[in-house]
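A.B. asks: Need the 3D shape of this:
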Amino acid sequence: MSHTPLGEICVNLGLLRPVDVDQVLSRLADGAVGAGMRFGELAVAMGLLDEAGLARALAQQFRLNLVPDDRVERLQIGPDVVALLPPQLMRDRLLVPTFLDPEKRVLSLLTADPTDLPALRQVQAAANASRLRLFVASKPALRRLVERAVPQVGGGETSSTALRRLPELRELDPDEPITIVVEPHAELGNAVRRMDALEGGDAEVVSDPDAVAALLTADRPVRLFFRRAVARSLEPYIVGWRRTCPGLRVCAVDGFGVGGRSAIPEDRSRHFFLGMLEFLLLAGEGRQMDARARVRRTTRICVALAEELDLRPEDRDAVQLGALFADLDELSIITGVLDTQDEGRRFALALTVLRQFDPPWDLGELFTAVERRLSGQEGPGRDLRVEILYTARAAVRAAVLDGGDPVQALGAEAARHDARVLRALAQVLRRQGLRHQVAAGGGGSSAVVLAEREAAVLTALEARLGAAGFDVVVAADGEQAAQLARNLIPAAIIANQRLPRKDGISLLLELRRLESTRHIPVILLTDKGGARDVARGLELGAEDVLEKPIHPDVVVAKLRRAVARRPQASVGITGTLADLSLIDLLQTLTLGGKTAVVQVTGAAEPGGIQVRDGQIVAGQYGRRAGEEALFSIATLSDGRFEVRFEDSGATNIHGSSEFLLLEALRRRDEARAELSG
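C.D. replies: Residues are numbered from 1 along each chain as shown. I've put the predicted structure just below:
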């Protein structure tokens, strides 16, 4: 494999000038240097290039990772890793192993010369490695690392002695926090220690909690990390640690991984997978629009309940999949594919389909338990997953709306439900109701009636409108859309011009005849090429007429413009921070492009936030102002809020609202982690 000449790389990196390269090449051509002298070595010998620059150029030439000198200085290599290679080989050729993957037998190796193939072959043979993973470092840094980590040939200081001296040799910045990781599991602790060393970190990884006290200091901040799974065993120690170190920050994490990432699957990846599954499942069948809407509503409630009741991520996924597939028989015309063992069962089709893909959850047991609950064979049980599915299905069928009372809607049937789930459902509905009130600008309902005959368009619009903060209510046809408009008085209606039972134009005319509905904005959707339909819809008073194919973001923009023209309420929207956190509230206001003042009372000090045209522009909390006021209020969990859609004129925040909310969320999570610690 050919490589870019080292001299050209040095010029590109700004390490050498072209004239310097010519000078080195001339010396090499003259033969005035020793045999075997190469470009980089000669450039260093001539004083044109330093060792760190040479290492940087070699790393780029061979497309390897460079380990800077300061990171090499902080490396702590276990004696078992050092013992993989002969000490003399490491000293003579400046080769230092850092980690051996025990399963794949891949050895990570620091080297100053990736072209030293004979030495690399010796390393691979000595360590019995399947292959080498090379990292480049400068020669001076590797010499210092070898001196302290590699045993002296024929005696002297051992590597374990050198490692024990290492913390004493490090120069510590008094303002730099000390990082301590407590991992009682020995193998996991060793893995974290090696990973931290490879990443150039300087964390102290300990397995015995009693050893933490010796690392704490009263005059330096300390960050202490541990897995949530071992939090209970560390509780007796944390109080004493805080006395020793007032600047201690306790952080419980799900797990340890490369780059500080959690070892469990990322939430965004899981949400993407489940969201795509939902889209494909619901978009794949154009029949039974009302059943589709019921499945989507049930799924949304199940997800919210699983979060409210703090289920484990794997249990949340099981509940969400259960909600998606429970009514599969209503969404599909598939016949003749049922397993004989499932004939006559309520969730037969769902079980047959899911078994083909071997899901990592025992959904058969979950569906069986829900089936027993639905048939009255069992009462409320201990499995919250079952109770969530059971209650969510009942709530959707009882038409419980956001902000409503589930106990009242369920009536006598409420006694059959788990009290914990009913309380959580009431909390979820209150929160959603408040969100919709805020999204509506205080001027009425935020519900949007959506009537569309194409399954894919319906699914895409429903998902996008829901993400934009609207409460989407799906109508199966034009007649049902008219009925919903009369009962709900929604913020807007989106309807296809060609609907069963009553087309979009007839729906528009009926709404314009009634005093209670004539002000509702109506956006009509028409097939491509329907210029006459567009003109007719606009003449009859439609807010807009959009030709297909449509983009959901365009629909959201049109909808927000229509809703914004409604008169806003003169009275404020009130609630508790337990029902809707300040961050959720501000996200709803910013997404909706609102102008409002949010006042917080009942906390230690009164506070307020000004949002103007969807941007956070001012904050006040006691004597604090600006961003610090916002971050302080965001950590509150007790108190009340009032939203008034007005402009106080205050301005003391100029940063991006998106960044401010992310930073507020981070600080809130840190504060909660410290309290839980």
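
A.B. asks: Angles on the backbone of Glu642, please.
C.D. replies: Main-chain torsions, Glu642, degrees, to the nearest 10: phi -140, psi 130.

A.B. asks: Correction: the previous question concerned Arg644.
C.D. replies: phi -120, psi 130.

A.B. asks: That one reaches Gly572, doesn't it?
C.D. replies: Yes - counting by CB atoms under 8 Å, Gly572 is a contact partner of Arg644 at 4.3 Å. To be clear about C-beta, it is placed using only N, CA and C from the backbone, and glycine gets the same treatment.

A.B. asks: Could you check which of the two is surrounded by more residues?
C.D. replies: Arg644 (19 against 16; other CB atoms under 10 Å).

A.B. asks: and that one, what does it touch?
C.D. replies: Applying CB atoms under 8 Å, 6 or more residues apart in numbering to Arg644 gives the contacts 572, 596-597, 599.

A.B. asks: from the residues you listed, which two are the most distant?
C.D. replies: Using CB to CB, the two most remote members of these are Ala596 and Gln599, lying 10.1 Å apart.

A.B. asks: Strands along the stretch 101-250 of the chain, start to end?
C.D. replies: 106-111, 131-136, 178-182, 204-206, 222-227, 248-253 (DSSP state E, counting those that start in this stretch).

A.B. asks: any chance of those in JSON lines, plus mean pLDDT, distance to Ala481 and mean neighbour count?
C.D. replies: What follows is the strands of the stretch 101-250 of the chain, written out as JSON lines (pLDDT from 0 to 100; distance: least, CB to CB, whole Å; neighbours: other CB atoms under 10 Å):
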{"stretch": "strand 106-111", "mean pLDDT": "88", "distance to Ala481": "62", "mean neighbour count": "22"}
{"stretch": "strand 131-136", "mean pLDDT": "86", "distance to Ala481": "62", "mean neighbour count": "18"}
{"stretch": "strand 178-182", "mean pLDDT": "87", "distance to Ala481": "58", "mean neighbour count": "20"}
{"stretch": "strand 204-206", "mean pLDDT": "84", "distance to Ala481": "62", "mean neighbour count": "20"}
{"stretch": "strand 222-227", "mean pLDDT": "87", "distance to Ala481": "52", "mean neighbour count": "21"}
{"stretch": "strand 248-253", "mean pLDDT": "83", "distance to Ala481": "48", "mean neighbour count": "18"}
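
A.B. asks: Stretch 121-129: how far from the chain's middle?
C.D. replies: 41 Å (CA atoms, centre = their mean, to the nearest Å).

A.B. asks: I misspoke; the intended subject was stretch 640-650.
C.D. replies: For stretch 640-650, the distance to the chain centre is 30 Å (CA atoms, centre = their mean).

A.B. asks: Equivalent analysis for stretch 11-28, please.
C.D. replies: Worked out by CA atoms, centre = their mean, stretch 11-28 lies 48 Å from the chain centre.

A.B. asks: ok so, going back, export the strands of the stretch 101-250 of the chain to CSV and tack on distance to Leu461?
C.D. replies: Shown next, in CSV, are the strands of the stretch 101-250 of the chain (distance: least, CB to CB, whole Å):
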stretch, distance to Leu461
strand 106-111, 49
strand 131-136, 49
strand 178-182, 47
strand 204-206, 51
strand 222-227, 42
strand 248-253, 38
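
A.B. asks: what's the closest of these to Leu384?
C.D. replies: strand 248-253 (22.2 Å).

A.B. asks: Report the inter-axis angle for that closest one versus strand 178-182.
C.D. replies: 40 degrees (axes from the mean of the first three to the mean of the last three CA atoms, to 10 degrees).

A.B. asks: Give me the contacts around the helix or strand just after strand 248-253.
C.D. replies: Counting by DSSP states H and E, the element after strand 248-253 in chain order, helix or strand, is helix 267-283. Contact with helix 267-283 is made by 292, 295-296, 299, 313, 317, 320-321, 324-325, 328, 331, 455-456, 459-460, 463, as judged by CB under 8 Å, 6+ apart.

A.B. asks: what does stretch 587-595 give?
C.D. replies: Under CB under 8 Å, 6+ apart, the answer for stretch 587-595 is 435, 438-439, 441, 468-469, 560, 564, 596, 598, 611-616, 643, 645-647, 657-658, 661.

A.B. asks: Could you give the backbone dihedrals for Gly607?
C.D. replies: Per degrees, to the nearest 10, the backbone of Gly607 is at phi -150, psi 170.

A.B. asks: now the stretch 51-200 of the chain, which segments are flagged as low pLDDT?
C.D. replies: 151-176, 198-200 (pLDDT under 70).

A.B. asks: circling back to that earlier point, comparing Ala596 and Gln599, which residue is more hemmed in?
C.D. replies: More crowded of Ala596 and Gln599, by other CB under 10 Å: Ala596, with 26 against 16.

A.B. asks: hey, what's the more buried one bridged with?
C.D. replies: Under DSSP bridges, the beta-bridge partners of Ala596 are Val611.

A.B. asks: Surely it is in contact with Val611?
C.D. replies: Yes - assessed by CB under 8 Å, Ala596 is found in contact with Val611 at 5.2 Å.

A.B. asks: Excluding chain neighbours, what is closest to Glu308?
C.D. replies: Ala424 (4.3 Å; CB to CB, 6 or more residues apart in numbering).

A.B. asks: Then Lys104?
C.D. replies: Per CB to CB, 6+ apart, closest to Lys104 is Ser130, 6.4 Å.
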